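[1] Here's a sequence, model it:
(one chain, ligands or ions: 2)
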Amino acid sequence: MTGLIAAATSAADKRAAFRASLTSEGITRLPGAINPLTAKLVQEIGFEGVYVSGGAFSAGLGLPDIGLTTLTEVTAHSAQIAGVTDLPVLVDADTGFGEPMSAARTVLAFEDAGIAGLHLEDQVNPKRCGHLDGKAIVPTDEMVRRLRAAVTARRDPNFVICARTDAAGIDGIDAAIERAKAYADAGADMIFTEALHTEADFEKFRGAVDIPLLANMTEFGKSQLIPAQTLQNIGYNAVIYPVTTLRLAMGAIEAGLREIHAKGTQEGLVDQMQTRSRLYALLEYERYNEFDSGVFNFTLGGNQ
Ligand SMILES: C[C@](O)(C(=O)O)[C@H](CC(=O)O)C(=O)O
Ligand SMILES: [Mg+2]
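    Ligands and ions are numbered 1, 2, ... in the order given. Coordinates of the predicted model:
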């Protein structure tokens with residue numbers, strides 16, 4: 001029954017795989033999963049990891065991305081996602097949910113939740129999306145304390161601690177590079193280079209810092225949407241598509257709701273929907289007969 005109900009791969013193995021993938025030849029691609037079902041699809045399609053976005057999670061709760069969500073909420077949501085996938089899960093920990101000691105507690109909670117790594121950012125609270133203007137960042141030494149607390153707390157040396165710097169959009173790319181170096185010295189395993197604009201910016205960062213780098217390919221932001229292959233050629237090690245699945249889903253949901261509201265039926269939308277049989281295949285419903293042969297003893301018609 002391996003892999004039914006929950007993932008077959010242990011958290012320790014996922015973390016080891018994640019760490020290894022960050023120094024492998026190919027770039028590690030992590031689409032954001034808005035729920036465990038999406039994470040199953042991310043795995044089935046063949047990506048290397050799953051991302052849990054703070055922006056998508058807060059939006060899903062009907063809230064802006066300004067640090068309103070709690071450690072408990074983010075951990076529970078991420079644990080559900082990590083629980084169903086064999087892929088490593090990287091979670092957005094915003095500013096660490098408080099003081100440096102809170103960042104340490106975040107690492108411990110995330111390890112217990114089966115998560116493979118997190119990123120901590122150098123913004124002040126209340127934080128905002130890294131692609132908006134008017135951000136503010138804490139002094140370098142304060143972020144270094146955040147990171148040191150996180151690095152020291154971890155029990156699994158393979159748990160990946162990624163430091164995000166939002167400095168490029170405030171003090172310029174050279175200042176962001178200086179911060180990245182200080183964060184690497186503090187023990188960060190990877191740097192999240194937030195809100196760079198062009199390929200040349202990504203190249204400049206890569207040339208200046210010698211630990212793994214993560215690119216954020218979020219839509220409607222400040223960064224060009226650079227293909228994964230190009231990022232790999234530049235020498236980036238990981239790329240997230242953080243809010244993409246939420247935007248895709250919400251675009252489809254809004255259009256669908258408007259059509260039902262206008263026409264009084266969803267008849268014209270059925271072709272765009274995930275079918276019942278596709279959903280059941282993704283859930284491996286039939287395999288639940290391994291527990292009880294009475295669970296999947298029906299057939300679905302051709303159009304289901
Ligand atoms: C990566 C990010 O932190 C997120 O929460 O997903 C956001 C993404 C976004 O708002 O588009 C970010 O600050 O870049
Ligand atoms: Mg975020």
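[2] Not counting sequence-adjacent ones, nearest residue to the residue of the stretch 151-300 of the chain found nearest ligand 2?
    In the stretch 151-300 of the chain, the residue that lies nearest ligand 2 is residue 242 (6.9 Å; Cβ to the ion). Every residue, glycine included, has its C-beta placed from N, CA and C. Excluding the flanking residues, the one nearest residue 242 by Cβ to Cβ, 6 or more residues apart in numbering is residue 53, at 3.9 Å.
[3] Please enumerate the strands of this structure.
    Along the chain, the segments classed as strands by DSSP state E run 28-31, 50-52, 89-92, 117-121, 160-165, 190-193, 213-216, 238-241.
[4] what would these look like in a markdown table with mean pLDDT, mean neighbour count and distance to ligand 1?
    Listed next are these as a markdown table, based on pLDDT from 0 to 100; neighbours: other Cβ atoms under 10 Å; distance: least, Cβ to the nearest ligand atom, whole Å:
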| stretch | mean pLDDT | mean neighbour count | distance to ligand 1 |
| --- | --- | --- | --- |
| strand 28-31 | 98 | 24 | 11 |
| strand 50-52 | 99 | 29 | 7 |
| strand 89-92 | 99 | 28 | 5 |
| strand 117-121 | 98 | 27 | 7 |
| strand 160-165 | 98 | 27 | 8 |
| strand 190-193 | 98 | 26 | 8 |
| strand 213-216 | 98 | 25 | 5 |
| strand 238-241 | 98 | 24 | 6 |
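[5] TSV for the ones you listed, including distance to residue 154?
    Putting these into TSV (distance: least, Cβ to Cβ, whole Å) gives the following:
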stretch	distance to residue 154
strand 28-31	19
strand 50-52	18
strand 89-92	14
strand 117-121	10
strand 160-165	7
strand 190-193	14
strand 213-216	18
strand 238-241	18
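[6] closest to residue 304 out of the ones you listed?
    Closest approach to residue 304 among the strands of the chain (Cβ to Cβ): strand 28-31, 27.2 Å.
[7] who's in contact with residue 70?
    Counting by Cβ atoms under 8 Å, 6 or more residues apart in numbering, residue 70 touches residue 97.
[8] Find me the pLDDT at the residue nearest to residue 242, would you?
    At residue 53, the model reports a pLDDT of 98.
[9] Just list the residues touching it, thanks.
    Applying Cβ under 8 Å, 6+ apart, the residues near residue 53 are 32, 92, 240, 242, 243, 246.
[10] ok, now which ones touch the fifth one?
    Listed by Cβ under 8 Å, 6+ apart, the contact partners of residue 243 are 32, 53, 55, 56, 59, 218, 219.
[11] picking up where we left off before, how much space between the residue nearest to residue 242 and residue 199?
    23 Å (Cβ to Cβ, to the nearest Å).
[12] Point out the residues in this structure that sit beside ligand 2.
    For the chain, the residues in contact with ligand 2 (Cβ under 5 Å from the ion) are 54, 55, 92.
[13] From residue 283, how far off is the second one?
    I take that to be residue 55. 27 Å.
[14] Which one's more surrounded, those two?
    Using other Cβ atoms under 10 Å as the criterion, residue 55 and residue 283 rank with residue 55 on top: 21 against 14.
[15] Spatially nearest residue to that one (excluding sequence neighbours)?
    Nearest to residue 55 is residue 65, by Cβ to Cβ, 6+ apart, at 4.1 Å.
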